[in-house]
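>>> sequence-free structure coming up:
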């Protein structure tokens, strides 16, 4: 007779890349396959398989999640231009010009949209981790952002009709060309933003020259993997200027240049700031938020972190930049937005100008806000929304929906939680410098990415946070908020697998959450008990001072720490689970 716990429902497993995948496979073997009699529905979501299947792997993942209802997703690579070229070279049978966007873009947004899921990210409540605060007061870091263009200078409104938004372009031929179309319903917000490539280049010259004049190390942050036709275009133009005009000067002065995705870079600069730097954030809506945060930190520093932070991201509608049409203009001409046959806006663009058209779904916004209030009520949290209502009709709809949802809750005799609406910059500053004891911070996609990475870094590391994606239909996807740990993977390969360093806490926690959810749905007391004990074993391991290298010196008793590699940590958790 098997001693394994029997699990009736299958568990969807979405495999990823690099060091995270090495850890994931060992976690599944140790904590899922060995102790449980369970069917795993596995989908290969590696960057290579997404490319080879022309994105079908992403569709398979969505279908599996919708069919079975509970899954665990591992971190996967989103390829940049260089990595895409390498993958295409390894697969000469593929035509890079005919690839579906799902083959090369991040699968995360497509999966969240496909299952209609919103994200909640929370610190895992380790008892003995403490954030080692960097000395921020007086820190010599300056944020430089563009003054014009982008969302700040967009045309945005609420759709007055249910129909089709069409983005048209009229170039030298004089014939209108349809660039993009999408369905909208009455009340859905939409926005058209552009940036002038000449302005971007002029900013780049000013930015690099300022760094040289002030002898500052250079940091540049954009979201070029997800918004390739907008942020990616800006990055290419800026880095071309750096290579041709400034690299030699920068290196001759002994200065350095660093590019990183804006969410990862924001977390790194806030939690582990350089001594003297110029931080370039060309997107001005993001840049102004981070400028205000840095100025606040330079004046007041980072307070002792006394509260665990929860952050909710809206994803169900595929809204804001992550669900946008984004591409550079192919030639000089005029852009026009047509809604249900009526021209709403027109503007001139020049060849190479990045274009971004985005919209959101009013019903998806309502589902998200309902979920935010439900989660806050269940866990007795205060809610702090961040909205740009002063110049964004696009954001005003969120405010209206908040009022509508609160009325519906009141009519159903459900006391809504207390909440505040503030600017996103104030929301970010409050979350970092003045966090209440039990709060939930709802944010749209790009803000949510940046805010959650900063919060996780201040909580110890990205490996000490959990991420839960929940849909209105009840589909639940659990994941780790960190990436694939590329640098650690290179060391793993170079050492023939002997150097295996990776903090698997978030992946273990995601697996335990998924198993607990399966147990609750099939009323499986043994599985619920196992999942609960797995979480406890993880937390107890860290409480006993057994940690991976990324947490060195971050416990309340550094002298009692035992630093282990990836396998040593998994073994320690397994030992406590069996005790």
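Thanks, I have it. Remember, predicted model here, so these are calculated numbers, not experimental data.
>>> can you pull the contacts of the residue nearest the centre of the chain?
In the chain, the centroid-proximal residue (CA atoms, centre = their mean) is residue 449; its distance is 3.4 Å. Going by CB atoms under 8 Å, 6 or more residues apart in numbering, residue 449 touches 223, 262-263, 313. Any C-beta I mention is one placed from the backbone N, CA and C, and that applies to glycine too.
>>> Okay, now the unreliable bits of the stretch 351-500 of the chain?
390-391, 460 (pLDDT under 70).
>>> For the chain, which element, helix or strand, carries the lowest mean pLDDT?
Here the helix or strand of the chain ranked lowest by mean pLDDT, DSSP states H and E is strand 309-313, holding a mean of 81.
>>> mind showing which ranges of the stretch 151-300 of the chain have poor pLDDT?
Looking at the stretch 151-300 of the chain by pLDDT under 70, you get an empty list.
>>> oh, I was asking about the stretch 1-150 of the chain
Short version for the stretch 1-150 of the chain, where the test is pLDDT under 70: 1-2.
>>> ok, which stretches of it are helices?
Assigned by DSSP state H, counting those that start in this stretch, the stretch 1-150 of the chain shows helices spanning 18-28, 47-52, 56-68, 81-90, 101-104, 107-115.
>>> Check the stretch 351-500 of the chain too.
Under DSSP H, counting those that start in this stretch, the stretch 351-500 of the chain gives helices at 362-378, 393-411, 424-433, 445-458, 486-494.
>>> so which of the ones you listed comes closest to residue 522?
Of all the helices of the stretch 351-500 of the chain, it is helix 362-378 that lies closest to residue 522, at 21.4 Å by CB to CB.
>>> Who are the packing partners of that closest one?
If contacts are counted by 3 or more CB pairs under 8 Å, 6 or more residues apart in numbering; DSSP states H and E, helix 362-378 sits against strand 117-123, strand 309-313, strand 382-386, helix 393-411, strand 439-443.
>>> which parts of that helix are buried?
Neighbour-count burial for helix 362-378, counted by 16 or more other CB atoms under 10 Å, picks out 362-376.
>>> same question, stretch 320-336
Taking 16+ other CB under 10 Å as the criterion, stretch 320-336 shows 320-329, 333, 335-336 as buried.
>>> if we take those residues, which one ends up nearest to residue 436?
Nearest to residue 436 among the buried residues of stretch 320-336, with distances taken as CB to CB, is residue 320, at 26.1 Å.
>>> Residue 440 versus the closest one, what's the distance?
19 Å (CB to CB, to the nearest Å).
>>> which residues touch residue 234?
Counting by CB under 8 Å, 6+ apart, residue 234 makes contact with 195, 200, 222, 224, 282-283, 354.
>>> hmm, 10 Å instead?
146, 149-150, 195, 197, 200-201, 203-204, 220, 222-224, 227, 282-283, 328, 354 (CB atoms under 10 Å, 6 or more residues apart in numbering).
>>> Would you mind measuring from it to residue 458?
Following CB to CB, the distance that separates residue 234 from residue 458 is 28 Å.
>>> Narrow the contacts of residue 234 to those in helices?
197, 200-201, 203-204 (DSSP state H).
>>> Turn these into a markdown table, columns for distance to residue 301 and neighbour count.
Shown next, in a markdown table, are the ones in helices among the contacts of residue 234 (distance: CB to CB, whole Å; neighbours: other CB atoms under 10 Å):
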| residue | distance to residue 301 | neighbour count |
| --- | --- | --- |
| 197 | 39 | 19 |
| 200 | 34 | 22 |
| 201 | 36 | 16 |
| 203 | 30 | 25 |
| 204 | 32 | 23 |
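>>> so how far is stretch 139-146 from its chain's centroid?
23 Å (CA atoms, centre = their mean, to the nearest Å).
>>> swap that for stretch 272-284, sorry
19 Å.
>>> Same question for stretch 489-504.
25 Å.
>>> Just the buried positions in that stretch, please.
489, 492, 500-504.
>>> Check stretch 571-579 too.
Neighbour-count burial for stretch 571-579 [16+ other CB under 10 Å]: 571-574, 576-577.
>>> Go through those and say which is closest to residue 402.
Using CB to CB, the buried residues of stretch 571-579 come closest to residue 402 at residue 573, 40.9 Å.
>>> In JSON lines, list the helices and strands packed on helix 362-378 along with distance to residue 420 and mean neighbour count.
Below are these laid out as JSON lines (distance: least, CB to CB, whole Å; neighbours: other CB atoms under 10 Å):
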{"stretch": "strand 117-123", "distance to residue 420": "19", "mean neighbour count": "23"}
{"stretch": "strand 309-313", "distance to residue 420": "15", "mean neighbour count": "26"}
{"stretch": "strand 382-386", "distance to residue 420": "5", "mean neighbour count": "21"}
{"stretch": "helix 393-411", "distance to residue 420": "11", "mean neighbour count": "17"}
{"stretch": "strand 439-443", "distance to residue 420": "10", "mean neighbour count": "25"}
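>>> out of these, which comes closest to residue 557?
The nearest among the helices and strands packed on helix 362-378, by CB to CB, is strand 117-123 at 19.6 Å.
>>> Partner strands of the closest one, with direction?
Strand pairing for strand 117-123, determined by DSSP bridges: strand 309-313 (antiparallel), strand 465-471 (antiparallel).
>>> would you turn these into JSON lines with distance to residue 102?
Shown next, in JSON lines, are those (distance: least, CB to CB, whole Å):
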{"stretch": "strand 309-313", "distance to residue 102": "21"}
{"stretch": "strand 465-471", "distance to residue 102": "18"}
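>>> Mind checking those for the one nearest to residue 418?
Comparing the strands paired with strand 117-123 by their distance to residue 418 (CB to CB), the top pick is strand 309-313, with 14.8 Å.
>>> what angle sits between the closest one and helix 445-458?
Here strand 309-313 runs at an angle of 160 degrees relative to helix 445-458 (axes from the mean of the first three to the mean of the last three CA atoms, to 10 degrees).
>>> what about strand 309-313, distance to the chain center?
11 Å.
>>> Compare the helices of the stretch 351-500 of the chain and give me the one nearest residue 96.
The closest of the helices of the stretch 351-500 of the chain to residue 96 is helix 486-494. By CB to CB, the value is 22.2 Å.
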